[in-house]
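Undergrad: 3D model of this:
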Amino acid sequence: MDDLIQKTAEHLAAAKHVVALTGAGISVESGIPPFRGKGGLWEKFDPMEVGHIDAFMRDPEKVWRLLISEMRGVLEKARPNPGHLGLARLEALGKLKTVITQNIDGLHQLAGNRDVVEFHGNFAWLRCLDCGSREQTVAVDLSRMPPRCACGGIYRPECVFFGEGIPPMDLDRSQIAASSCDLMLVVGCSAVVQPAAFMPVIARQSGATIIEINPEPTLLTGTTSILRVPEKAGKAMKAIVAAVEHLVL
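TA: Presented below is the predicted three-dimensional model:
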């Protein structure tokens, strides 16, 4: 393990333009449950009943009560962990330029990263369906379901529901970042959800080095990535950043 940490740090120290792709694995250590897999939200709820835009538009009160209000409670308690803080430190060191994340918790921004592409939007902010005004999720009164804007319109989270496309601007920004980097860190990402999972492929085709930080192998392992650190994001990033600091400071 120490050898993999050191090799990753050496690649990072030599890189000029690093991009990170992050998935649910970096946020579970902050208490954010994944949507898929063991212990995921889709074990509790049918995604087509609470996660599809048609379901929300048909019965927003039901979706708010079953899914969104629960997510708000989780977000109120969640704080960045060493995985998020490690990526923010790499940005402060001048290495990391952009974070592309599939997560909807806003923890990268709380940790200090400034250029974050939220591929699937976020739960941290709500938008009124009528007037378009925005409000922080944690600040909205949930005594009335669904919560409403001052104009009377219903609030919806700024996440991407099933049945909705990835915002074209975010897709463009991600593709540009992936094709411009010389190293991509894939952190806590299973690389099965498209089109986010294609970003490392774009980076590799553009000549970048791909390194994974994931306890389990993925579809990228041994094909697209050259290294995999088989460890949880927080522990791995803390060790990697310490090694990078030793090399560059």
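Undergrad: any low-confidence regions in the protein?
TA: 34-48, 67-70 (pLDDT under 70).
Undergrad: could you rerun that using 50?
TA: Regions of the chain meeting the criterion pLDDT under 50 cover residues 42.
Undergrad: tell me the helix or strand right after the longest strand along it.
TA: Longest strand of the chain, by residue count under DSSP state E: strand 121-128. Downstream of strand 121-128, the next assigned helix or strand under DSSP states H and E is strand 134-136.
Undergrad: could you chop this structure up by domain?
TA: 1-32+79-120+166-249, 34-77+122-159 (automatic domain parsing).
Undergrad: surely Val117 meets Gln102?
TA: No - between Val117 and Gln102 there is no contact under Cβ atoms under 8 Å: 10.0 Å. Quick note: C-beta positions are derived from backbone N, CA and C, even for glycine.
Undergrad: count of residues packed around His206?
TA: One correction, residue 206 is Ser, not His. 13 (other Cβ atoms under 10 Å).
Undergrad: distance between the longest helix along the chain and the chain's centre?
TA: The longest helix of the chain (DSSP state H) is helix 233-248. Taking the mean of its C-alpha atoms, helix 233-248 sits 20 Å from the chain's own mean (Cα atoms, centre = their mean, to the nearest Å).
Undergrad: what does stretch 112-122 give?
TA: For stretch 112-122, the distance to the chain centre is 7 Å (Cα atoms, centre = their mean).
Undergrad: ok, and the closest non-adjacent residue to Gln175?
TA: Ile202 (6.1 Å; Cβ to Cβ, 6 or more residues apart in numbering).
Undergrad: which stretches of the protein form strands?
TA: Going by DSSP E, the chain shows strands at 18-22, 96-101, 116-118, 121-128, 134-136, 155-159, 183-187, 209-213, 227-229.
Undergrad: other residues contacting the second one?
TA: When contacts are defined by Cβ atoms under 8 Å, 6 or more residues apart in numbering, strand 96-101 is touched by residues 17-23, 87, 90-91, 108, 113, 115-119, 173-174, 177-178, 181, 185, 196, 199.
Undergrad: rerun at 6 Å
TA: 17-22, 87, 90, 108, 113, 115-118, 174, 177, 199 (Cβ atoms under 6 Å, 6 or more residues apart in numbering).
Undergrad: ok, the fourth one next?
TA: Contacts to strand 121-128, defined as Cβ under 6 Å, 6+ apart, come from residues 71, 75, 104, 106, 134-135, 137, 149, 153, 155-160.
Undergrad: mind checking how far Ala178 is from Ala15?
TA: To Ala15, Ala178 is 14 Å away according to Cβ to Cβ, to the nearest Å.
Undergrad: how big is the angle separating the longest strand of the chain from strand 96-101?
TA: Using axes from the mean of the first three to the mean of the last three Cα atoms, to 10 degrees, one finds that strand 121-128 and strand 96-101 are set 70 degrees apart in direction.
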